[in-house]
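Q: Just to be clear, the model below is a prediction. Sequence and coordinates:
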Amino acid sequence: MSAIDNLPPLSDVIRRHELSAKKSLGQNFLLDLNLTSRIARAAAPLEDATIVEIGPGPGGLTRALLAQGVRRVIAVERDERAIPALEEIAQHYPGRLTIVNADAMTFDPRPYLDGERAKIVANLPYNIATVLLVGWLTTDPWPPWYDMMVLMFQREVAERIVARENDDAYGRLGVLANWRAETKILFDISPSAFVPPPKVTSSVVRLIPRANPEPCDLRTLERVTQAAFGQRRKMLRQSLKSLGVDPAVLAAAADVETTRRAETIPVSGFVAMARELANSPPARKEPI
């Protein structure tokens, strides 16, 4: 029996339910309950919290969350093979675990929340992790339905999420994430902790939504960052031309020179350029 909840060890659960990890679902099971408990504690305070967990698999993180005292976990699992294992956990914690057999890519948790705020805590499937994160960061209205995210990514993706100007990993994802949230890498997890072990180190990232991000139209910000980072080795005077506005006007709004490159511009600079673009008429084409 496990030390945290008197349920069987996860290795036994996996064997009994024949839960071999599927590469097509991006599955890598974390069996060390000390590590899952550490991830759960990173989302503190947990008392009376409602947690949305994506891809629980055999339920290692689910068990850690419930053992830490959360009021309710909404576990979203696409793999039908894992449902019986999760149901065993639900029986051990009556009324505290809601199991939803659904695809996280299309799942909307808000109908399950009764108007309450939640936290998202998950060992995300690597193959959809970035897409899910972008979806949560671009949800509308803002502030969102969650007040914290504690998520596991490949280390490379985690570095892109928390990156700021002049960091090697800085790009569109870093601008979006740090515009709308406070981001931090909490700790790394070795490949050897997983079954099967991935080829890369994983990192746990915490994102706390900003209540009042700098005012900016999301779609316009995406246009600016796509143009700037799409040609990241070029200066702004060249990379921003595709936006149909004089790059010098946009750069001036951010108080930077057009000779700067995208990776040197802070988040606030991209927000300023997006606001200017939204208020600027298209540049006139010179007659031939």
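A: Now that the structure is in, tell me what you want to look at. Numbers count the residues shown, from 1 in each chain.

Q: Give me the pLDDT for the nearest residue to E214 once chain neighbours are set aside.
A: Excluding the flanking residues, the one nearest E214 by C-beta to C-beta, 6 or more residues apart in numbering is V271, at 4.6 Å. In this view, the C-beta of every residue, glycine as well, is placed from N, C-alpha and C. We have a pLDDT of 98 for V271.

Q: got the contact list for V271?
A: W179, E214, P215, C216, L221 (C-beta atoms under 8 Å, 6 or more residues apart in numbering).

Q: try it again with 10 Å
A: Neighbouring residues of V271 by C-beta atoms under 10 Å, 6 or more residues apart in numbering: V175, W179, P213, E214, P215, C216, D217, T220, L221, V224, A253, A254.

Q: now the second one, what's its secondary structure?
A: It refers to W179. Assigned with DSSP: H, G, I helix; E, B strand; the rest coil, W179 falls in the helix class.

Q: With the third one instead?
A: Under the three-state scheme (three-state DSSP), the conformation of P213 reads as coil.

Q: which of the contacts of V271 has the most neighbours?
A: V224 (30 neighbours; other C-beta atoms under 10 Å).

Q: Can you name the helix or strand that that one falls in?
A: Using DSSP states H and E, V224 sits in helix 218-230.

Q: and that helix, what other elements does it pack with?
A: On a contact count with 3 or more C-beta pairs under 10 Å, 6 or more residues apart in numbering; DSSP states H and E, helix 218-230 meets helix 172-180, helix 236-239, helix 247-253, helix 267-279.

Q: And those: which comes nearest A75?
A: helix 172-180 (24.8 Å; C-beta to C-beta).

Q: helix or strand right after that closest one?
A: Next along from helix 172-180, by DSSP H and E: strand 181-189.

Q: Adjacent strands (with direction) for that next one?
A: Applying DSSP bridges, strand 181-189 is found paired with strand 202-209 (antiparallel).

Q: tell me the angle of the partner strand relative to helix 172-180?
A: Here the directions of strand 202-209 and helix 172-180 differ by 40 degrees (axes from the mean of the first three to the mean of the last three C-alpha atoms, to 10 degrees).

Q: Alright, that wraps it up for me.
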